[in-house]
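Asks: Generate a structure from the sequence data that follows.
(chains A and B)
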Amino acid sequence: MKANLIRLVYTATACAALAMLVPGCGDGGGGAAAGSGATIKVGEYASMTGKEATFGQSSHGGTLLAVEEVNAAGGVLGKKLELITEDTQSKAGEPATVVRKLITRDQVIAVLGEVASSRSLEAAPIAQQFKVPMISPSSTNPKVTEVGDYVFRVCFIDPFQGTVMANFAWNTLKVRKVAVLTDVKSDYSLGLAQYFKQRFEQLGGKMVIDQSFSGGDKDFKAQLTAIKAAGPDGLFIPAYYTDVGLIARQAKELGINFPLFGGDGWESPKLIELGGEAVEGKFYSTHYSPEDPSAAVKEFVKRYQARFKGEAPDAMAALGYDSVMVLVDAIKRAGGTDGPKLRDALAATRDFEGVTGRTTMDPQRNASKSAVIITVKNGQFAFVEKINP
Amino acid sequence: MNEFLQQLLNGLALGAIYALIALGYTMVYGVLRFINFAHSDVFMVGAFAAYYISNGLARWLPPESIPGAVIIMLLAMAVCAVLGVVVEKLAYRPLRDRSKLNVLITAIGVSLFLEYSGQLLFGADPKTFRLLPSRNVELGGLVLNSNQLIVFGLTLVLLLALRHIVMKTRIGTAMRAVSFNHQAAALMGINIDSVISFTFALGSALAAAAGILYAMNYPAIEPLMGVMPGLKAFVAAVLGGIGNIPGAAMGGVLLGMVESFVRGSRYSTYADAIAFAILILILLFRPAGLLGKSVVEKV
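Replies: Residues are numbered from 1 along each chain as shown, chains lettered A, B, ... in the order given. Next up, the predicted model:
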């Protein structure tokens, strides 16, 4: 087994070497020379490649659109925004490295990211240490903003999302005995499962079986067989789309026909691509739907589609967009980009109208926003209902 | 009871794939006495080759049909056979007479090279693999999937074909001769280089088949998909007695079953740890593996 150890060491070294060689994506919004002071540098770290690639790509799309719009309108405080994007490759270990680089080398005034809670949690202590405000567009685990007073988010948190899904399961799907399948590698999954369970049991429901896997696994048949044997009438899967696609597929292969449902980790076109027919009629909760009839959403969808060849913006894109707009609003109110002042301005954000609703930072630096339930119908995402906090 | 049988089936399907990969490890070990760590990445390349071939030939082949799948599979196996031969020629042959450790380290290097070239060429995000439509077969409360049936069938066919090649053909006899003693085989007029090339081609083609079967059952393919199955298959090969073909198949199936049962229990996150603990236990009592023969090393 010595060989495996060698292999591990080699993999680690190669990863590190590769990370140093590939200088991120770097398609910045502005184009001014670095360090000239003519631009305001904003750092973004996102999973542009890897297992959760569509999260990063969507989030980056929204962020980029927002930066471009702000610059087209003359920038902030007379300066253009310059977006510096780093790829976390959907891997643990990367966020800390790239955020440290963004802050120390690029000297960004704020960092935006990540979607996955585990990766936001990794970078947050660094932002806190350097007193550079960090805004996570869509990490929902409550622990993220508990890291420190420089860490913010523009989305709801999992105690709310768990409650929404438990209510939905109980009231709409009429689930009474539920099974839960959790990804033990993800803070998001563990947290959401816990809040879902609390609320579901409060409602009088029963959790008949609690199974787990580790993110990136391919075979879920054993867990699903055990779940099927426990006889639940619904299965809650708080996990990310790549895993969910495979889980749904294998559930279908095992003849499981009770409803499957989950959270905003399902939000990706890849879910439908991977899951195919197996995700048809499944439900998940998320932050926003491009089908929302409100004027702000309609306008945003139109602009996004014009910029990105007709692609409809998903929730990660909308939250990426809002994270920039909230930051810009705070820079204006702070009258500068100085860390502590900017932090205070961000914390004082009240009733900011964004695409995903109104953002008000609570004392824990979380936004309280409505959730929507989405289903898959004929291979397309379809809006079911909107739930206000 | 039903749950038990279903888990048995799940384990069998998983184990069959491990067995196919393990065959490649074991064959190369049998002939060259070294572990080809790049084997699990040839497995990955097999899945990607099939993915790109099926996309490329989409216009000419009927989609999701059996003849189409067979053609795609044979082409992907050919691609990997060539890859295996090239890797051996470029990376392992120049080091054949050096210490075994050198070749081992080179194998790790080749493995990483393939993984990260894959990330560069194919991209790191998972791709969706489609080859055949999947149908469910109900069997007295048990559910069998058509893809699982294909795995069972094909593994069996490939195993028998491999056994035939190794035991009944001229080149198989030559392989066994090289495995017993390189120098003696060379003195008997066997072209060692071509026998070794053939071994790599055969093992790599099997890896490609395993990669495709794996991708059919778990259709999210990515450049690092070979790492875990490769490690498990390596364990399976050691478990069965490295160098022993039926042993590798048995080790694979055994490991697949253990994994399925543990994952279906409350201890699902310990599945890999338990699989490796079993390896240690078996090796404590049978150091040469289940079917391996202990050989005294002559000094």
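Asks: mind listing what the closest residue in space to B:V253 that isn't next to it in sequence touches?
Replies: Counting by C-beta to C-beta, 6 or more residues apart in numbering or on different chains, B:V253 lies nearest to B:G15, which is 3.6 Å off, once chain neighbours are set aside. No exception for glycine: its C-beta is placed from N, CA and C like everyone else's. B:G15 is in contact with B:A236, B:G252, B:V253, B:L254, B:L255, B:G256, B:M257, counting by C-beta atoms under 8 Å, 6 or more residues apart in numbering or on different chains.
Asks: Mind pulling up the pLDDT for the fourth one?
Replies: Reported pLDDT at B:L254 in the predicted model: 89.
Asks: which residues sit in contact with the residue in the stretch 51-200 of chain B positioned nearest to chain A?
Replies: The nearest approach of the stretch 51-200 of chain B to chain A comes at B:D125, 3.6 Å away (C-beta to the nearest C-beta). Residues in contact with B:D125, defined by C-beta under 8 Å, 6+ apart, are A:T49, A:G50, A:K51, A:A53, A:T54, A:K270, B:E222.
Asks: Please apply the same query to A:K131.
Replies: Contacts of A:K131 by C-beta under 8 Å, 6+ apart are A:Y150, A:G339, A:P340, A:R343.
Asks: Who wins on neighbours among those?
Replies: Among the contacts of A:K131, A:Y150 has the most neighbours (other C-beta atoms under 10 Å in any protein chain shown), with 26 neighbours.
Asks: Could you check the pLDDT of that one?
Replies: 90.
Asks: ok, so what distance separates it from chain B?
Replies: Between A:Y150 and chain B the distance is 31 Å, computed by C-beta to the nearest C-beta, to the nearest Å.
Asks: show me what contacts the residue in the stretch 1-150 of chain A that chain B sits nearest to?
Replies: Nearest to chain B, among the residues of the stretch 1-150 of chain A, is A:A53, at 3.6 Å (C-beta to the nearest C-beta). With contacts defined as C-beta under 8 Å, 6+ apart, A:A53 is in contact with A:S47, A:S90, A:K270, B:A124, B:D125.
Asks: By neighbours, which of those residues wins?
Replies: Most surrounded of these: other C-beta under 10 Å gives A:S47, at 29 neighbours.
Asks: My read is that it contacts A:T88, right?
Replies: Yes - counting by C-beta atoms under 8 Å, A:S47 does reach A:T88; the two are 5.0 Å apart.
Asks: between the contacts of B:G15, which is closest to A:R307?
Replies: Proximity of these to A:R307 (C-beta to C-beta) peaks at B:G256, which lies at 48.2 Å.
Asks: so how far is A:F236 from the closest one?
Replies: 28 Å (C-beta to C-beta, to the nearest Å).
Asks: Then A:A382?
Replies: Between A:A382 and A:F236 the distance is 20 Å, computed by C-beta to C-beta.
Asks: For the two, indicate the residue with more neighbours.
Replies: Between A:A382 and A:F236, counting by other C-beta under 10 Å, A:F236 is the more crowded of the two (27 against 12).
Asks: give the contact list for the more buried one.
Replies: A:M165, A:A169, A:V178, A:A179, A:V180, A:L181, A:A193, A:F196, A:F261, A:G262.
Asks: Same question for A:M134.
Replies: A:99, A:110-113, A:120, A:123-124, A:127-128, A:150-152.
Asks: Then B:A47?
Replies: B:A76, B:F129, B:A208, B:G211, B:I212, B:Y214, B:A215, B:I221, B:M225.
Asks: Ok, A:D362 next?
Replies: So, once contact is read as C-beta under 8 Å, 6+ apart, A:D362 ends up touching A:S368.
Asks: do you know how far it is from chain B?
Replies: On the measure of C-beta to the nearest C-beta, A:D362 and chain B end up 35 Å apart.
Asks: Kindly give the local confidence score, pLDDT, for the residue nearest to the spatial centre of chain A.
Replies: Nearest to the geometric centre of chain A sits A:V115, at 2.8 Å (C-alpha atoms, centre = their mean). pLDDT recorded at A:V115 is 90.
Asks: out of the contacts of A:A53, who's nearest A:M361?
Replies: Of the contacts of A:A53, the one sitting nearest to A:M361 (C-beta to C-beta) turns out to be A:S47, at 25.0 Å.
Asks: Kindly tell me how buried the closest residue to that closest one other than its chain neighbours is, as a neighbour count.
Replies: Excluding its sequence neighbours, the residue lying closest to A:S47 (C-beta to C-beta, 6+ apart) is A:G56, at 3.7 Å. Applying other C-beta under 10 Å, we find 30 residues neighbouring A:G56.
Asks: Can you give the distance of the strand or helix carrying A:G56 from its chain's centre?
Replies: A:G56 is part of helix A:53-72 when elements are defined by DSSP states H and E. Counting by C-alpha atoms, centre = their mean, to the nearest Å, helix A:53-72 is centred 14 Å from the centre of its parent chain.
Asks: got it, and stretch B:181-201?
Replies: 22 Å.
Asks: So for that stretch, what gets flagged as buried?
Replies: For stretch B:181-201, the neighbour count (16 or more other C-beta atoms under 10 Å in any protein chain shown) marks B:H182, B:A185, B:I190, B:I192, B:V195, B:I196, B:S197, B:F198, B:T199, B:F200, B:A201 as buried.
Asks: export the residues you listed to a markdown table and tack on secondary structure, pLDDT and distance to chain A?
Replies: Conversion of those to a markdown table gives the following (DSSP: H, G, I helix; E, B strand; the rest coil; pLDDT from 0 to 100; distance: C-beta to the nearest C-beta, whole Å):
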| residue | secondary structure | pLDDT | distance to chain A |
| --- | --- | --- | --- |
| B:H182 | helix | 83 | 23 |
| B:A185 | helix | 88 | 27 |
| B:I190 | coil | 88 | 29 |
| B:I192 | helix | 88 | 25 |
| B:V195 | helix | 90 | 25 |
| B:I196 | helix | 90 | 21 |
| B:S197 | helix | 92 | 24 |
| B:F198 | helix | 92 | 25 |
| B:T199 | helix | 91 | 20 |
| B:F200 | helix | 92 | 19 |
| B:A201 | helix | 93 | 24 |
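Asks: in chain B, which helix or strand is least confident?
Replies: Here the helix or strand of chain B ranked lowest by mean pLDDT, DSSP states H and E is strand B:136-139, holding a mean of 80.
Asks: Give me the contacts around that strand.
Replies: A:K252, A:E253, A:G255, B:V143, B:L144, B:N145, B:S146, B:L149.
Asks: need the helices for the chain, in chain order.
Replies: Chain wasn't specified; assuming chain A. In chain A, the helices defined using DSSP state H lie at A:2-21, A:53-72, A:94-104, A:117-129, A:143-146, A:158-171, A:187-202, A:221-230, A:241-253, A:269-275, A:295-307, A:315-334, A:339-347.
Asks: was after chain B, sorry
Replies: For chain B, the helices defined by DSSP H cover B:2-32, B:39-56, B:66-87, B:100-122, B:146-168, B:170-180, B:182-187, B:192-217, B:227-240, B:245-264, B:271-285.
Asks: How far off centre is stretch A:215-227?
Replies: In terms of C-alpha atoms, centre = their mean, the centre of stretch A:215-227 is found 24 Å from the chain centre.
Asks: okay, that stretch in CSV with CA atoms only?
Replies: Taking Å, rounded to 0.1, in the frame of the first residue of the first chain, the C-alpha atoms of stretch A:215-227 are listed here in CSV:
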residue,chain,number,x,y,z
GLY,A,215,-19.9,13.7,-2.7
GLY,A,216,-18.5,12.3,-5.9
ASP,A,217,-19.6,8.8,-5.3
LYS,A,218,-21.1,7.1,-8.3
ASP,A,219,-22.9,4.2,-6.9
PHE,A,220,-25.9,4.9,-4.7
LYS,A,221,-27.8,1.6,-5.3
ALA,A,222,-26.9,0.2,-1.9
GLN,A,223,-28.2,3.2,0.0
LEU,A,224,-31.3,3.4,-2.2
THR,A,225,-32.0,-0.3,-1.7
ALA,A,226,-31.9,0.2,2.0
ILE,A,227,-34.2,3.3,1.7
